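> Turn this into a structure:
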Amino acid sequence: MVQAKWNGVVIAESDQTVVVEGNHYFPRDSVWSKYLMHSDTSSHCPWKGDASYHSLIVAGEINEDAAWYYPEPKTGAADIEGRIAFWRGVEVG
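Now for the predicted structure:
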């Protein structure tokens, strides 16, 4: 079982992550939505497509843009559709 933790709290847990470029992409339904906060940030990856972001809010602290996902990934990245990955101090393992 792979977990994502931040600020001492498990924010995602799954035994069905997909690993791409060293990042675990969790199924959307394995992420606690109560810890996600919409962000207007976006970025572009030449082979995956356009990414959108969420900030995390745990115990009153905010981790800006610590979660990302590809709403409409390119064909080569279809395995990560509907999945969320983490960074910026989120412990995944």
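> Could you use CA atoms for every contact and neighbour count after this?
Will do.
> Look at residue 44 and tell me its secondary structure.
Per DSSP: H, G, I helix; E, B strand; the rest coil, the secondary structure class of residue 44 is strand.
> From residue 11, how far out is it?
Counting by C-alpha to C-alpha, to the nearest Å, the gap from residue 44 to residue 11 is 25 Å.
> Neighbours of residue 35, how many?
Around residue 35 there are 18 other residues, counting by other C-alpha atoms under 10 Å.
> That should have said residue 2, apologies.
A count of neighbours around residue 2, defined by other C-alpha under 10 Å, yields 14.
> mind listing what it touches?
Going by C-alpha atoms under 8 Å, 6 or more residues apart in numbering, residue 2 touches 13-15, 17, 92-93.
> For PyMOL, write a command that selects the buried ones of those residues.
PyMOL command restricting these to the buried ones, with burial defined by 16 or more other C-alpha atoms under 10 Å:
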select buried, resi 13+14+17+92
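> ok so, going back, just want to know which of residue 44 and residue 11 has more residues nearby.
Taking neighbours as other C-alpha under 10 Å, residue 44 and residue 11 compare with residue 11 leading, 23 against 11.
> beta partners of the closest residue to residue 89 other than its chain neighbours?
Nearest residue to residue 89, sequence neighbours excluded (C-alpha to C-alpha, 6 or more residues apart in numbering): residue 6, at 7.0 Å. Counting by DSSP bridges, residue 6 is bridged to residue 9.
> Pull the number of nearby residues for residue 6.
Residue 6 has 21 neighbours, counted by other C-alpha under 10 Å.
> For it, give me its contacts.
Residue 6 makes contact with 58, 89-91, according to C-alpha under 8 Å, 6+ apart.
> what do you get for residue 45?
Applying C-alpha under 8 Å, 6+ apart, the residues near residue 45 are residue 51.
> separation between it and residue 2?
For residue 45, the distance to residue 2 - C-alpha to C-alpha - is 25 Å.
> Where does the prediction get shaky in the protein?
In the prediction, the chain carries no residues with pLDDT under 70.
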